[in-house]
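J.: any chance you can model this:
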Amino acid sequence: MSFPALHIDTVGLKGQDIVFLHGWGVNNQVFSPLKNALLQYRVHYVDLPGFGLSPNIDGDIRQWSQALAAQLPKHAIWVGWSLGGLIASQVAIDYPESVAALVTIASSPCFMAREINQTSSAWSGIQPNVLAQFSNQLSQNLSRTVERFLAIQAMGSDHPKADIQQIKNLVLSKPLPTQQGLSQGLDMLAHVDLRERITQIQQPWLRIWGKLDSLVPREIITVLPKNDNIEDVLINKASHAPFISHPDAFLSYLLPWIIKYR
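T.: Residues are numbered from 1 along each chain as shown. Modelled structure (predicted):
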């Protein structure tokens, strides 16, 4: 199956391939503060379908993952933030030859909160009414909806206004995402549940969390599967975007880990 070409900014001509996937509502410019620290690698900063300069791609997370795996180098280290971490996890499961190692940042295998039922216990996450509100508002005021979501991402940070402004300044250098891309991304956040499949991830896996994250509660760390290939890092004063609010602490964990698995 062929897909439209995604927009990918590749920085560096040699070294280990590293893929960065951003979260919902933004684009690859959100990773600009990290670029100078990664110049020794060949880094591919992706605009997800319908975000930044990338065209829409029809389908769900499986089609997006297939398109990404087809258009990016094999045996790369994949780094995904928030929704991007969910998609990178899907790629690691379905296309293990693409992912030599995986890093997820403030990302959950199941973003939506789940109630106790006959087959599962309660699961912490985004309340269904919050995502429903965003979905309803998309058709009314796209830019305002994205702005509100950015504000939620900084809740809990020591300097939320500065974090929000930095993210906005970076991502507004590109066009706003398409309504289709936003809707598809929200649908993934609401419905994708990889909890039973993440045990298939055998690659080295670094999971970075923000202790003050209001979207991905830190208590899920205690109920996620543990294995010798998995390392968890909790940045104490960070919220949902630790690479924005605490870049030095974030890089102090990421860079040594990359060296181990490059």
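J.: hey, where'd the helices end up in this protein?
T.: For the chain, helices defined by DSSP state H occupy the ranges 61-71, 83-94, 128-138, 142-153, 160-171, 179-191, 242-245, 247-261.
J.: quick one: which of these is nearest Asp232?
T.: Closest to Asp232 of the helices of the chain is helix 247-261 (C-beta to C-beta; 10.3 Å). To be clear about C-beta, it is placed using only N, CA and C from the backbone, and glycine gets the same treatment.
J.: please name every helix or strand in contact with the closest one.
T.: Judged by 3 or more C-beta pairs under 8 Å, 6 or more residues apart in numbering; DSSP states H and E, helix 247-261 is in contact with strand 76-81, strand 99-105, strand 205-210, strand 230-235, helix 242-245.
J.: reformat the ones you listed as JSON lines; add mean pLDDT.
T.: Below are these laid out as JSON lines (pLDDT from 0 to 100):
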{"stretch": "strand 76-81", "mean pLDDT": "98"}
{"stretch": "strand 99-105", "mean pLDDT": "98"}
{"stretch": "strand 205-210", "mean pLDDT": "97"}
{"stretch": "strand 230-235", "mean pLDDT": "96"}
{"stretch": "helix 242-245", "mean pLDDT": "90"}
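J.: any idea which of the helices of the chain scores lowest on pLDDT?
T.: Mean pLDDT is lowest for helix 142-153 among those, at a mean of 75.
J.: on that earlier part again, closest to Gln127 out of the helices and strands packed on helix 247-261?
T.: Closest among these, using C-beta to C-beta: strand 205-210, at 18.4 Å.
J.: contacts for the closest one, please.
T.: 92, 101-107, 156, 216, 218, 221, 224, 229-235, 238-242, 245, 250, 253-254, 257 (C-beta atoms under 8 Å, 6 or more residues apart in numbering).
J.: ok, the residue lying closest to Ala92 once chain neighbours are set aside - how many residues close by?
T.: The shortest distance from Ala92 to any non-neighbouring residue, by C-beta to C-beta, 6 or more residues apart in numbering, is to Val99 (4.2 Å). Neighbour count for Val99, taken as other C-beta atoms under 10 Å: 26.
J.: try Gln40
T.: Look at Gln40: counted by other C-beta under 10 Å, it has 14 neighbours.
J.: OK, contacts around the closest residue to it other than its chain neighbours?
T.: Excluding the flanking residues, the one nearest Gln40 by C-beta to C-beta, 6+ apart is Gly15, at 5.4 Å. By C-beta under 8 Å, 6+ apart, the residues touching Gly15 are Gln40, Tyr41, Arg42, Arg262.
J.: pick out the most distant pair among those residues.
T.: Applying C-beta to C-beta across those, the maximum distance is between Arg42 and Arg262, 10.6 Å.
J.: distance of the closest residue to Pro109 other than its chain neighbours from Tyr45?
T.: In this structure, Pro109 finds its nearest non-sequential neighbour in Leu194, 4.0 Å apart by C-beta to C-beta, 6+ apart. Between Leu194 and Tyr45 the distance is 24 Å, computed by C-beta to C-beta, to the nearest Å.
J.: neighbour count for the two, which is higher?
T.: More crowded of Leu194 and Tyr45, by other C-beta under 10 Å: Tyr45, with 25 against 18.
J.: what's the closest residue to that one other than its chain neighbours in contact with, if anything?
T.: The spatially closest residue to Tyr45, leaving aside those adjacent along the chain, is Asn28, at 3.9 Å (C-beta to C-beta, 6+ apart). Neighbouring residues of Asn28 by C-beta under 8 Å, 6+ apart: His7, Asp9, Phe20, His22, Tyr45, Val46, Asp47, Gly52.
J.: swap in Trp78?
T.: Ile18, Val19, Leu21, Ala88, Val91, Ala92, Ser98, Val99, Ala101, Leu102, Val103.
J.: repeat the analysis, applying 7 Å as the threshold.
T.: By C-beta atoms under 7 Å, 6 or more residues apart in numbering, the contact set of Trp78 is Val19, Ala88, Val91, Ala92, Val99, Leu102.
J.: one more: Leu254?
T.: Val103.
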